[in-house]
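A.B. asks: predicted model and sequence follow; I will ask about them next.
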Amino acid sequence: MSKRRDIAYELNEKGCHVCTSHKPDAHGYPQFQRDGRPRLVYVYLYRQVYGNIAKGLVLHHICENKMCINIAHIVVKTVSKHMNGHLKGKRPSSARLSDAQVRCIRSNKTLKQKHLGFLYGVTQSMISKIKSNVTYRETT
């Protein structure tokens, strides 16, 4: 049985509660293990206060600080509005991914392809091609 750790943070100049107790995942968000599955700290805290997040909605850090766990900095958005907000001015399909990013995409079994695409600034179609080795074949 693993020992549960208290969630700790430091307050920064922007009012972010920067998590100091838990290490970030491959995408930079602090996480912990519960029931054998990784859980994001900010999602856990949000659900403790507001309950479950409705299907088709995602949480967004208005502060843009992935280590922030201040639920006052978290808003609910639709997936499309969330992605559009992050991708404004970017051309998702023109992004060049590093070998490490491609390996992370291929090994990720928890996130949906559209969410991986959002995180890496590429389309869901590109994620599908990476996972099926249609593109980035040279990366192992």
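C.D. replies: On my side now, so go ahead. Numbers count the residues shown, from 1 in each chain.
A.B. asks: give me phi/psi at the spatially most central residue of the chain?
C.D. replies: Centroid check for the chain by CA atoms, centre = their mean gives His27 as the closest residue, at 5.6 Å. In terms of degrees, to the nearest 10, the main-chain angles of His27 are phi -100, psi 0.
A.B. asks: how close does the residue lying closest to it once chain neighbours are set aside sit to Ser107?
C.D. replies: Leaving aside its sequence neighbours, His27 sits nearest to Leu119 (CB to CB, 6 or more residues apart in numbering; 5.3 Å). Using the backbone N, CA and C atoms, a C-beta is placed for each residue, glycine as well. Distance of Leu119 to Ser107, given as CB to CB, to the nearest Å: 14 Å.
A.B. asks: repeat that for Val43.
C.D. replies: 21 Å.
A.B. asks: again with His82
C.D. replies: Distance from His82 to Ser107, by CB to CB: 24 Å.
A.B. asks: so for these two, which sits in the more crowded spot?
C.D. replies: Comparing His82 with Ser107 by other CB atoms under 10 Å, the one with more neighbours is His82, at 18 against 9.
A.B. asks: for the residue lying closest to Thr135 once chain neighbours are set aside, helix, strand, or coil?
C.D. replies: Nearest non-adjacent residue to Thr135, counting by CB to CB, 6+ apart: Lys129, 4.4 Å away. With DSSP: H, G, I helix; E, B strand; the rest coil as the basis, the three-state label of Lys129 is helix.
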